[in-house]
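Enquirer: Would you be able to build a 3D model of this:
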Amino acid sequence: MTLWISLKDIPAEGQAFQLTDQSIWTGPLAEFSVPATIATPIEASLYIVPQDEGFLVTGTMRGSVTLPCDSCLEGFELPLKVTFDSFEEYAGADTLHADECRLRKERGNPEFDAGGYLWEHFMLALPTRPVCKPECKGLCPKCGENRNLGECGCSGDEGDPRLAVLRKLKLS
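Expert: Predicted coordinates:
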């Protein structure tokens, strides 16, 4: 979701913004097929201070999401508590990625892409391999049973029978 905040009337000491609209998160979650749902509403606070060549942005994001565990596929709630601060500058002629700039001037008035900025920090807060608990046993590779709920009864894999003689070796 694109959410541009007009920066033209921000005083020199800065201004705080509270963002509680859940469509900031739910829209991109669906658009990018992120397997997460909002468990506790996510609230973000931004504090924006004007500088010479851009704006200083600080803030926090709190809430929680439900994700599928990468090992057992069961959903679990992941609390989010993110703090951030960065300097956002206007894209200049020498900027390599001007399309990634979070600041723009619309009809001469500066605007900040708060939606894109918060989405970026939201995605950075999510683990690349979400696991419900460190000791998660995952799914049985043979029958697919969740091994956290109990043993499935499948026999253990003995491995390649040609290597059986090596399993009997003991290192001293």
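Enquirer: elements contacting the strand or helix carrying residue 47?
Expert: Per DSSP states H and E: residue 47 is located in strand 37-50. The contact analysis (3 or more CB pairs under 8 Å, 6 or more residues apart in numbering; DSSP states H and E) places strand 37-50 against strand 15-19, helix 23-31, strand 54-68, strand 75-89, helix 114-125. The C-beta positions use only the backbone N, C-alpha and C, and glycine is treated the same way.
Enquirer: For the lowest-mean-pLDDT helix or strand in the chain, what is the distance to the chain centroid?
Expert: Ranked by mean pLDDT, DSSP states H and E, the helix or strand of the chain with the weakest confidence is strand 103-106, at a mean of 77. Centroid separation between strand 103-106 and its chain, computed with CA atoms, centre = their mean, to the nearest Å, is 26 Å.
Enquirer: Next: stretch 75-89.
Expert: Relative to its chain's centre, stretch 75-89 lies at 7 Å (CA atoms, centre = their mean).
Enquirer: residues of that stretch that come out buried?
Expert: Neighbour counts over stretch 75-89 (16 or more other CB atoms under 10 Å) mark 75-76, 78, 80, 82, 84, 88 as buried.
Enquirer: How about stretch 126-146?
Expert: 130-132, 136, 139, 146.
Enquirer: Other residues contacting it?
Expert: By CB atoms under 8 Å, 6 or more residues apart in numbering, the list of residues contacting stretch 126-146 from outside reads 34, 36, 65, 67-74, 76, 78, 147-148, 152, 154, 157.
Enquirer: Spatially central residue for the protein, please.
Expert: residue 123 (2.4 Å; CA atoms, centre = their mean).
Enquirer: which non-adjacent residue is nearest that one?
Expert: The shortest distance from residue 123 to any non-neighbouring residue, by CB to CB, 6 or more residues apart in numbering, is to residue 34 (7.8 Å).
Enquirer: Would you check that that neighbour makes contact with residue 26?
Expert: No: in this structure, residue 34 is not within contact of residue 26 by CB atoms under 8 Å, at 10.3 Å.
Enquirer: and residue 5, that's in a strand?
Expert: Yes: counting by DSSP: H, G, I helix; E, B strand; the rest coil, residue 5 is located in a strand.
Enquirer: contacting residues for it?
Expert: Neighbours of residue 5 in contact, by CB under 8 Å, 6+ apart: 17, 46, 48, 111-112, 114.
Enquirer: per-residue confidence for it?
Expert: On pLDDT, residue 5 comes in at 86.
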